[in-house]
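Enquirer: Give me the fold of what follows.
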Amino acid sequence: MGERTASAIVGRAIAGRAAAVLLACSVLAACSGSPELAQPSPTGAVATECAAVMAALPGQLLGQGRVGLEGNLATWGDPAISVRCGVDKPASLTQTSHCDELNGVGWFTEEPGTAVKKAWRFTTIGRTGYIEVIVPEQYEPAGDALMDLGAAVKKMAVVSPCQ
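Expert: You can find the predicted model right below:
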């Protein structure tokens, strides 16, 4: 798969995924407001690589200053843009899911929006562990966050590049 622009990634909305809507409601506090996210607890090599990823995250993301960094969860702005390292594989990610490659990083793109709050969810594909990025709709184009995060994400080893 060739390189794609951030706008092209975001432009391809993933519709009709009931699992994404259910996930959004579980991730977003009462399906409204800023995300209330659980702290991931990776183990082994993923934990070690997540430490390197989190240490390399930028102080600014989409023009927003970082407002939190604790363990494997970082946030920027209000509403919060979030990065979590060492999350579980998304339920809707399958072997046949589309992989968008941006600057050498493979991403699985979802729009887990609700009627009150919409956010793009991007999850790395093909790395030792999964890194999740949630970008509320207020930040457009949401895919530009992936450009800012590329160097940090590359601290986690590739096991299978985008196909």
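
Enquirer: Low-confidence stretches in this structure?
Expert: Under the criterion pLDDT under 70, the flagged ranges of the chain are 1-35, 112-117, 163.

Enquirer: how about the strands in it?
Expert: Listed in chain order, the strands of the chain (DSSP state E) span 60-61, 64-70, 73-76, 81-87, 100-102, 105-110, 119-125, 130-136.

Enquirer: So which elements touch the third one?
Expert: In other words, strand 73-76. Using 3 or more C-beta pairs under 8 Å, 6 or more residues apart in numbering; DSSP states H and E, the elements in contact with strand 73-76 are strand 64-70, strand 81-87. The way it works is simple: take the backbone N, C-alpha and C, and place the C-beta from them, glycine included.

Enquirer: Now tabulate the strands of the chain in CSV and tack on distance to residue 46 and mean neighbour count.
Expert: As requested, these are arranged in CSV below (distance: least, C-beta to C-beta, whole Å; neighbours: other C-beta atoms under 10 Å):
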stretch, distance to residue 46, mean neighbour count
strand 60-61, 22, 17
strand 64-70, 18, 13
strand 73-76, 15, 23
strand 81-87, 5, 26
strand 100-102, 21, 21
strand 105-110, 16, 23
strand 119-125, 12, 25
strand 130-136, 9, 25
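
Enquirer: closest to residue 53 out of those?
Expert: Relative to residue 53, the nearest member of the strands of the chain by C-beta to C-beta is strand 81-87, separated by 5.0 Å.

Enquirer: What is the closest one packed up against?
Expert: helix 44-55, strand 73-76, strand 130-136.

Enquirer: In CSV, list these along with distance to residue 153.
Expert: Supplementary listing: those in CSV, determined by distance: least, C-beta to C-beta, whole Å:
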stretch, distance to residue 153
helix 44-55, 6
strand 73-76, 12
strand 130-136, 6
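
Enquirer: Isn't residue 121 up against residue 131?
Expert: No. In this structure, residue 121 is not within contact of residue 131 by C-beta atoms under 8 Å, at 11.4 Å.

Enquirer: Quick one: closest of the strands of the chain to residue 150.
Expert: In this view, the strands of the chain are compared for proximity to residue 150 by C-beta to C-beta, and strand 105-110 is the closest at 5.5 Å.
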